[in-house]
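Participant: give me the fold of what follows.
(chains A and B)
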2 protein chains.
Amino acid sequence: KTCLLTKLGEDWLFLVLLGFTMALISWSMDYASAKSLQAYKWMYVELKGNVPLQYLAWVTYPIILIVFSSLFCHLVAPQAIGSGIPELKTILRGVVLKEYLTLKAFVAKVIGLTASLGSGMPLGKEGPFVHIASICAAVLSRVLSIFTGVYENPYGYTDILTVGCAVGVGCCFGTPLGGVLFSIEVTSTYFAVRNYWRGYFAATFSAFIFRVLSVWNKDSVTITALFRTNFRMEFPFDLQELPAFAVIGISCGFLGAFFVYLNRQVVLFMRRPTALTRFLTKHRLIYPAVVTLIIATFTFPPGFGQFMAGELMPRECINSLFDNFTWTKIWRSASPPGLGRSAMWLHPHVSVFIILLLFFIMKFWMSAVSTTMPIPSGAFMPVFILGAAFGRLVGEIMATLFPNGILFDGIVYRILPGGYAVIGAAAMTGAVTHTVSTAVICFELTGQISHILPMMVAVILANMVAQGLQPSLYDSIIQVKKLPYLPELGFGHISKYNIFVEDIMVRKVKFLSPQSTYRELDLLLQSTTLKTFPLVDSKESMILLGSIERCELQAACDWWLSAERRVYNQGQGISSPGSKVSWECFTFIDEEEQEENKEKVRPKWIHRGAAHSIVCSVATVYHCDITTDATFDWPLQIKAWEEAEMDKPIDIDHIRIDPSPFQLVERTSLHKTHTLFSLLGLSHAYVTSIGKLVGVVALKEVSPCLFLFSYFRKHGHLILMSFQSVMFL
Amino acid sequence: KTCLLTKLGEDWLFLVLLGFTMALISWSMDYASAKSLQAYKWMYVELKGNVPLQYLAWVTYPIILIVFSSLFCHLVAPQAIGSGIPELKTILRGVVLKEYLTLKAFVAKVIGLTASLGSGMPLGKEGPFVHIASICAAVLSRVLSIFTGVYENPYGYTDILTVGCAVGVGCCFGTPLGGVLFSIEVTSTYFAVRNYWRGYFAATFSAFIFRVLSVWNKDSVTITALFRTNFRMEFPFDLQELPAFAVIGISCGFLGAFFVYLNRQVVLFMRRPTALTRFLTKHRLIYPAVVTLIIATFTFPPGFGQFMAGELMPRECINSLFDNFTWTKIWRSASPPGLGRSAMWLHPHVSVFIILLLFFIMKFWMSAVSTTMPIPSGAFMPVFILGAAFGRLVGEIMATLFPNGILFDGIVYRILPGGYAVIGAAAMTGAVTHTVSTAVICFELTGQISHILPMMVAVILANMVAQGLQPSLYDSIIQVKKLPYLPELGFGHISKYNIFVEDIMVRKVKFLSPQSTYRELDLLLQSTTLKTFPLVDSKESMILLGSIERCELQAACDWWLSAERRVYNQGQGISSPGSKVSWECFTFIDEEEQEENKEKVRPKWIHRGAAHSIVCSVATVYHCDITTDATFDWPLQIKAWEEAEMDKPIDIDHIRIDPSPFQLVERTSLHKTHTLFSLLGLSHAYVTSIGKLVGVVALKEVSPCLFLFSYFRKHGHLILMSFQSVMFL
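Facilitator: Residues are numbered from 1 along each chain as shown, chains lettered A, B, ... in the order given. Okay, here's the model as predicted:
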């Protein structure tokens, strides 16, 4: 009884601790970056009157912070650079990315992100926060497992990271529900419902603490939304306004796709080997410094900034874009009370439309470029602001077209441009990330759900357009970074049902059998770099018995010809017991690992490789020890002995075999194969027919530990996923 | 190009059509049941003054409707009885429930449910609506596939039903988001994210049409929430109120668990073979009639009903419980304007607390009992009302304890009992259904998200308590109905990591090999009722080649001894080509099915069984035709021939073999086995070790097509899931 309670308690403890830690980090980061922005503004205001000095301060402050952030990450942990969602998506797919979930990356990301956010550049917090929370979850589970060992299994690891992602998004803006949903949509293909429940719990707790902290700090009166809106509820919008909402949705779809395209082009340009990019790669800090300089110059309020509300910091932008006024109505008249920072949008000589349009266009390229800087940064918030500005623009146009509002039941209801801004923000972020849960995040951020149906319609339309044009921002980054990820089969790619494994498998599979000699084995190891080899009953029957990993074979081969075995063998005759004893002495090192390996299908290349290199190096040491003692007529004898030994059949009983490699049949559809590969995180599978090995399908191997799936166009009209088959020797 | 567009278009068309149809059905049903309730009330009001007649009308009207509903379902389709969610959950697990997704069940459910809802009994619409939408989705896809064949694959079938569930919940109350989430939580263990996106689209479209229909019908001014609340937004609640919200959550957890317990006890009582239940089973209509009579008598407004707001129909209850007044303050004073139906809660002589408490207690058992009647009915709405009443009770108590409200920043904020009611409703439904998305449904129903954090906390607390005490209502029904469902491994049952397949597998596996004779095969078929048999290479090697289904073996056996083959054989000598030809003539019938079978792991017993019984009956007909022509000395010869044939080895080349049955290894953990069984919908798996068959694990077989998983207690303290192993001959 106590045992069960302890175990249960540990899971709760883990979720609570995770939620609490992340809430604290999120709040502290917000606090620190807000203070930094305050200092920035204070400096700018104090220098009023001296424009050159003002400009210097306006430009230098963010440059220092961004360069610091870039340098810090470069020195401490380069893994902390960028968003983090693409990498998490890859890790959740089952690939091990080295050094990605370490405490070092955590520190670099937290410090770097705080500095980035404090610079006032168009950068977001959401993506990096997912990474931070995942590291936090991984570290926390490791700490907890010291006491108990609960979180040691591989399934648990996925569960932990999934919860981490949910908490990351959830406590970033205090949006638990949207956090859970967004993290599901962004990171998973198949989702275990039990994690939904755990994520929901942890994210709610985290968001709760996050909001309570700001109440205690007197930032807000009680627990409310971060960007609370105050739209009227009795008649939020009329059915006649729906076409405008649809237009926002469709336009945001196109704009979102263009944003992804632009972002990728910038990255690809920076990777092209030109003199400029070579120079920038050498002097890493110049690129972020120059980008920051250009962006800060454009937004300098007394300069061009006055035409694009350049003085507003990201969060002020959102608050003002969501406000309850109709700017075209109050423009050039006396400011109503409570206008606050929204006054920045009202230029005495330039129309509100021009300001909004300029803001949108300038921020568009600024956001696309600034998210490519080598610092921890997300694109969610910048895109959110872009969407809000676009929505506001449409809303203001509508308010001008229908200046008298809508007459209904004798009451005149004015159009709410703020509502359009909320819808635009949701649609744009939805288009860029290919998710629909941005609508939920919007509800939670604004604390109002009155626009639910038009918003959901707009988000869906934006998604339909954007999904047809471009991959999501995260998938785009995965492609550019060449991360090993199996993309989801597009919704509607029906052709996958008509393609079977037999159409794509490699038939010329090479294999091992108990009759294979060490010579054949050696040849096989030298001629390929593959990680796994199938073992069949015999060349004639071809019945698949299992698979053997490369390292295992290498170790067996090395041991067979090792000096230690030779000495032992020649001392004892050809009796095998001796061989067995020494074998055991070599393998005990990874006994524990063997235990682990039997339990899972997923290969864990890096870990296994490391264990085996220990075995090999031990063997080498022995070899040296003995050969130094040998007399000079030994070499010839050794050669002869080795030649003789090479022709013996391999000692299959002493090689560890994966007794159940994943099997498919020839008529398994591509669709099902894809599902199984995604679900079980496979890298390859053997195709068998009544026990006989007939082929193999595998993800294309691109580097020792990484795999890549490639898309190609077939028949000129269909984007098909192809299992790039690997030839096994 | 056109091909892709057509296919894509079809999926959209399917989603749009499904959404539109369901919105229309939902709206019409609401309209019809509202009219029916109007008539009921009109009758009651018209008879004012004549209490006996009034009572007669008050009692007769619902009895007629409920009896009609029960009779209609009994005659048209008994599958339409009950909620539908437990059955859908089972179907999505991969089990085929006969006659469950037919047009007949659809008609019975729609008509029956409308009548039930129109009776004013505490019955809900949500569960049956999931069933209706799933049938609609299944039928629609079948209709669309006539044109194209897109929706024919088994994966597509699951996809279709998942979307159906989402639409069902979504358009029931116009809550698309909550609908998608609730349907995921309730029906799935593993969820494909692509279905989230499709469900979201269809549910949004459906909810949109559903709300637009009521705008066109002038029920509402514009698209707003169904039970819209008008709580103040600037200060919805204070942090000091949180303990009260937590108390609501925890209490609702206990009450929800008790509700599930009570509901199950009523069903189990009705199933116990006593004289009373035998009588009720014989006269099916008496039970619903009596239950309705009792409930209607208690709620009769001039009688006991006056102490429990008996005059209020379910939807009126919700609207009044969510209102913005503090009843304890206005009790015994002049009614404020806009009080409306809420006046029913204010009895001139009895305190509001007593009324609320009586309402809660009476409705509690009424709801638990009325949902056991043999009519289409859900428990979601009744439980929602119970929760709202409980929350309101706590809210009113709080308002009495703190009559001056909360002082903050010089402004006095009064406590909002309506907010407590919303939180109570979400917590109670969450506890009964074991879901957290009821919070989302609540936001969408009320159109206000201001209480998001306390509500989520309350829902989580309610879930924690309820999940520890009882299964969810749907799982409880699954258990009572003995539906074949693989329950989710409890969250925190860590012991599953320490149990391996080798601990639970059956080692004494019996098998077939190519050397087996027909005599052995016949013995095997006669001595077991199992559905699948493993095929091994030979008795010595035991290498697993595949598995063969029972029907296949039966057919092979029958054909081997059939008169047709004998005649053919004796005419042609023992040449095998003849045998082959006729074999093909026998199997062509399910060639298409064979194609299908090769593509999937999941067995489809009923379908396959049916196909094979055709094969068998054809064989029988042939047999008769020929034996009637035979002369009288034939029988002895036939006997001798049959005996000789029986000792021949089975003709394995002409038997269809599943070439890749699912395999596990001895050290696969119970946790992983459970995951694989859930994910892939397996019913059994063979345990192999380097190709050798060493054991088998299977879900316990309870009836020809159904499997049941059983829980048992082990070591006195842990509830472990056991794979009840089946012995294969």
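Participant: could you show which parts of the stretch 51-200 of chain A are in contact with chain B?
Facilitator: A:150, A:153, A:155, A:176-177, A:181, A:184-185, A:188-194, A:196-198, A:200 (CB under 8 Å from any CB of the partner chain). (Glycine included, C-beta is placed from N, CA and C.)
Participant: could you list which of those residues belong to helices?
Facilitator: A:155, A:176-177, A:181, A:184-185, A:193-194, A:196-198, A:200 (DSSP state H).
Participant: pLDDT, distance to residue B:422 and neighbour count for those residues - can I get that in TSV?
Facilitator: Output for these, formatted as TSV (pLDDT from 0 to 100; distance: CB to CB, whole Å; neighbours: other CB atoms under 10 Å in any protein chain shown):
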residue	pLDDT	distance to residue B:422	neighbour count
A:155	48	37	16
A:176	87	17	31
A:177	87	16	28
A:181	88	21	31
A:184	85	26	23
A:185	85	27	21
A:193	78	25	16
A:194	75	27	16
A:196	83	22	24
A:197	82	22	21
A:198	84	25	23
A:200	87	18	29
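Participant: and those, which two are the farthest apart?
Facilitator: Between any two of these, the greatest separation by CB to CB is 25.3 Å, found for A:155 and A:177.
Participant: what segments of the stretch 451-600 of chain A are helices?
Facilitator: Assigned by DSSP state H, counting those that start in this stretch, the stretch 451-600 of chain A shows helices spanning A:452-469, A:473-481, A:501-504, A:518-527, A:550-560, A:563-572, A:576-587, A:591-598.
Participant: any chance of TSV for those, columns mean neighbour count?
Facilitator: Formatted as TSV, these follow (neighbours: other CB atoms under 10 Å in any protein chain shown):
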stretch	mean neighbour count
helix A:452-469	24
helix A:473-481	21
helix A:501-504	17
helix A:518-527	16
helix A:550-560	20
helix A:563-572	16
helix A:576-587	15
helix A:591-598	14
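Participant: I'd like those helices laid out as JSON lines, including mean pLDDT.
Facilitator: What follows is the helices of the stretch 451-600 of chain A, written out as JSON lines (pLDDT from 0 to 100):
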{"stretch": "helix A:452-469", "mean pLDDT": "89"}
{"stretch": "helix A:473-481", "mean pLDDT": "87"}
{"stretch": "helix A:501-504", "mean pLDDT": "72"}
{"stretch": "helix A:518-527", "mean pLDDT": "84"}
{"stretch": "helix A:550-560", "mean pLDDT": "83"}
{"stretch": "helix A:563-572", "mean pLDDT": "75"}
{"stretch": "helix A:576-587", "mean pLDDT": "38"}
{"stretch": "helix A:591-598", "mean pLDDT": "39"}
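Participant: among those, which is nearest residue B:419?
Facilitator: Here helix A:452-469 is closest among those (CB to CB), at 19.4 Å.
Participant: please state the offset of the closest one from the chain centre?
Facilitator: Computed by CA atoms, centre = their mean, to the nearest Å, the separation of helix A:452-469 from the middle of its chain amounts to 23 Å.
Participant: how about that helix, does it reach chain B?
Facilitator: Yes. Using CB under 8 Å from any CB, helix A:452-469 reaches chain B at A:452-454, A:456-457, A:460, A:463.
Participant: tell me the angle that helix makes with helix A:473-481.
Facilitator: 20 degrees (axes from the mean of the first three to the mean of the last three CA atoms, to 10 degrees).
Participant: for helix A:452-469, packing partners?
Facilitator: helix A:242-271, helix A:417-433, helix A:438-446, helix B:176-187, helix B:193-216 (3 or more CB pairs under 8 Å, 6 or more residues apart in numbering or on different chains; DSSP states H and E).
Participant: circling back to that earlier point, which of the ones in helices among the residues of the stretch 51-200 of chain A next to chain B sits closest to residue B:134?
Facilitator: Residue B:134 lies nearest to residue A:193 out of these, by CB to CB, at 18.3 Å.
Participant: re the thing from before, and which of the residues of helix A:452-469 next to chain B is nearest to residue A:371?
Facilitator: Taking CB to CB as the measure, residue A:371 lies nearest residue A:463 of these, at 20.6 Å.
Participant: tell me which residues touch the closest one, please.
Facilitator: Contacts here follow CB atoms under 8 Å, 6 or more residues apart in numbering or on different chains; on that basis residue A:463 touches A:253, A:430-431, A:434-436, B:197.
Participant: related to what we said a few turns ago, out of the helices and strands packed on helix A:452-469, which is the most enclosed?
Facilitator: Mean neighbours per residue, mean count of other CB atoms under 10 Å in any protein chain shown, is largest over the helices and strands packed on helix A:452-469 for helix A:417-433, with a mean of 31.
Participant: that helix near chain B at all?
Facilitator: No. Interface with chain B: helix A:417-433 contributes nothing (CB under 8 Å from any CB), its closest point being 10.8 Å away.
Participant: and which of the residues of helix A:452-469 next to chain B is nearest to chain B?
Facilitator: Taking CB to the nearest CB as the measure, chain B lies nearest residue A:456 of the residues of helix A:452-469 next to chain B, at 4.4 Å.
Participant: isn't the closest one right next to residue B:179, touching?
Facilitator: No. The criterion here is CB atoms under 8 Å, and residue A:456 misses it with residue B:179 at 11.4 Å.
Participant: common neighbours of the two, please.
Facilitator: What both residue A:456 and residue B:179 touch, as defined by CB under 8 Å, 6+ apart, is an empty set.
Participant: quick one: average pLDDT of stretch A:390-398?
Facilitator: Stretch A:390-398 shows a mean pLDDT of 94.
Participant: please apply the same query to stretch A:302-317.
Facilitator: Per-residue scores along stretch A:302-317 average to 88.
Participant: distance between that stretch and the chain's centre?
Facilitator: For stretch A:302-317, the separation from the chain centroid amounts to 31 Å (computed by CA atoms, centre = their mean).
Participant: how long is that stretch end to end?
Facilitator: The straight-line separation of the ends of stretch A:302-317 (CA to CA, to the nearest Å) is 18 Å.
Participant: give me the contacts around it.
Facilitator: A:37, A:41, A:51, A:54-55, A:120, A:122-123, A:227, A:297-301, A:320, A:341, A:344-345, A:347, A:350, A:354-355, A:358-359, A:362-363, A:381-382, A:385, A:388-389.
Participant: again, 6 Å this time
Facilitator: Outside stretch A:302-317, the residues that touch it by CB atoms under 6 Å, 6 or more residues apart in numbering or on different chains are A:37, A:51, A:120, A:298-299, A:301, A:341, A:344-345, A:350, A:358-359, A:362, A:381, A:385.
Participant: could you name the helices and strands sitting against the longest helix along chain A?
Facilitator: Ranked by residue count and defined by DSSP H, the top helix of chain A is helix A:2-46. On a contact count with 3 or more CB pairs under 6 Å, 6 or more residues apart in numbering or on different chains; DSSP states H and E, helix A:2-46 meets helix A:51-76, helix A:103-117, helix A:126-147, helix A:154-173, helix A:193-216.
Participant: quick one, it and helix A:126-147 angle?
Facilitator: Here the directions of helix A:2-46 and helix A:126-147 differ by 150 degrees (the same axes, to 10 degrees).
Participant: orientation of helix A:2-46 relative to helix A:193-216 in degrees?
Facilitator: 50 degrees.
Participant: quick check: mean pLDDT across helix A:2-46?
Facilitator: Mean predicted lDDT for helix A:2-46 stands at 83.
Participant: by how many degrees do that helix and helix A:154-173 diverge?
Facilitator: Using the same axes, to 10 degrees: helix A:2-46 against helix A:154-173 is 30 degrees.
Participant: model confidence for residue A:382, exactly?
Facilitator: Looking at residue A:382, its pLDDT is 93.
Participant: and the helix or strand harbouring it, what does it pack onto?
Facilitator: Residue A:382 is located in helix A:380-401, with elements delineated by DSSP states H and E. Helix A:380-401 makes packing contacts with helix A:242-271, helix A:314-321, helix A:327-330, helix A:352-370, helix A:417-433 when contacts are defined by 3+ CB pairs under 6 Å, 6+ apart.
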